[in-house]
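Colleague: based on what follows, work out the 3D shape:
(4 chains)
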2 protein chains.
Amino acid sequence: MFFLKDLPTREMISGFAHSLDVVDVQKTGDALQMLRRASLLIRQLERYFALHGLSQTQFLVLMILHRDQSKHTHLAAEICEKLDVSKPVVSTTLKTMQRRGFIVYCEKAEDSRMKPLRISDAGRELLLRLLPGYFEILQAG
Amino acid sequence: MFFLKDLPTREMISGFAHSLDVVDVQKTGDALQMLRRASLLIRQLERYFALHGLSQTQFLVLMILHRDQSKHTHLAAEICEKLDVSKPVVSTTLKTMQRRGFIVYCEKAEDSRMKPLRISDAGRELLLRLLPGYFEILQAG
DNA sequence: ACAATATAGTTAGTATCATAACCAATAACG
DNA sequence: CGTTATTGGTTATGATACTAACTATATTGT
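Modeller: Residues are numbered from 1 along each chain as shown, chains lettered A, B, ... in the order given. Below you'll find the model as predicted:
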């Protein structure tokens, strides 16, 4: 995360980067501002989710599961791919989500390595309850 | 962090938010894109820092210490404020930075609660070595 | 002076993330 | 076939972040 309040000045950027003619001071400054804004927004979202016992990642998993209603089961590997986050994170995230009743593991697949899962009613209900506030925070930030 | 690859579509946003006339679909979509871009950029920066044994926060602390050369000592509380991050994080960050020799604690102040510190030569050297690459990543992202 | 309060910093406990190493089951192929 | 490689998922370990509670020193206020 990036929480520096006073961003580096143009002078500082061009001062340190003047050796490299590659660096575009304008773009760099914009990127810094974006990092700061995004970090604050993420922090705000995480606080919102925490109020309802979710992490941002758990929320995004619910979104993914809810979104593709065509397929009624999903695999950890798929989530991993749609959410580019490391496998262990998905694994433990799913475990806690199961413990809290937001997802359910289904009957075994033919490939016995796979553990197909789906969103639970409680999970979907929570997601739908949080979405409006979510979008509201996003558009305000 | 926010690593969802396929962002919610306009339809999804307006669909879930249509009850609230407050929500601006355009702004919300922009915010989502920003979150994703920033998260990727932060991840990239953290990898860069990790190659040199620093975290993003440690790097930012070095920036702050280096930037205000007027004052030659700083306090944890000041850093805390310029980097709006919680006190414990600053505390442990500083401790590891001392262990690795990037900062030094100075002689005691008159107020014996305070532990004034400053950037070390090694710290400043590392910072200056990393800055060009840092700005380069920022402007490219 | 002395009790109450505020401030600087640390410690404790918990959650999230990452990488690396690890099972177990399937697939590939000589 | 049977050895090797690949794939789905978990465990181990370590870093970073948070809040809450703590210690110790200074300040305030009666």
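Colleague: just checking, next helix/strand downstream of the one helix or strand A:G15 maps to?
Modeller: Per DSSP states H and E, A:G15 falls inside helix A:10-17. Sequence-wise, the next helix or strand downstream of helix A:10-17 (DSSP H and E) is helix A:25-51.
Colleague: how far away from the center of its chain is that next one?
Modeller: 13 Å (CA atoms, centre = their mean, to the nearest Å).
Colleague: could you check that helix against DNA strand C for contacts?
Modeller: No - with CB under 7 Å from any atom of the strand as the criterion, DNA strand C is not reached by helix A:25-51; the gap is at least 8.2 Å. No exception for glycine: its C-beta is placed from N, CA and C like everyone else's.
Colleague: do me a favour and average the pLDDT over that helix.
Modeller: Averaged over helix A:25-51, pLDDT sits at 93.
Colleague: give me the residues contacting the following helix or strand past that helix.
Modeller: Using DSSP H and E, the next helix or strand after helix A:25-51 towards the C-terminus is helix A:56-67. Contacts with helix A:56-67, where a contact means CB atoms under 8 Å, 6 or more residues apart in numbering or on different chains, come from A:42, A:45-46, A:49, A:54, A:74, A:79, A:82-83, A:85, A:89-90, A:93-94, A:96-97, A:102-103, A:117-119, A:123-124, A:126-127, A:130, A:134, B:1-4, B:8, B:12.
Colleague: restricted to strands, list these.
Modeller: Secondary structure from DSSP state E places A:I103, A:L117, A:R118, A:I119 of the contacts of helix A:56-67 in strands.
Colleague: tell me the two of these that are most distant?
Modeller: A:L117 and A:I119 (8.2 Å; CB to CB).
Colleague: what residue in chain A comes nearest to chain B?
Modeller: Chain A approaches chain B most closely through A:A38 (3.2 Å), counting by CB to the nearest CB.
Colleague: in this structure that residue contacts B:A38, no?
Modeller: Yes - using CB atoms under 8 Å, A:A38 is in contact with B:A38, at 3.2 Å.
Colleague: which neighbours do these two share?
Modeller: Common neighbours of A:A38 and B:A38 (criterion: CB under 8 Å, 6+ apart): A:F2, B:F2.
Colleague: apart from its chain neighbours, what residue comes closest to A:E46?
Modeller: Nearest non-adjacent residue to A:E46, counting by CB to CB, 6 or more residues apart in numbering or on different chains: A:Q56, 5.4 Å away.
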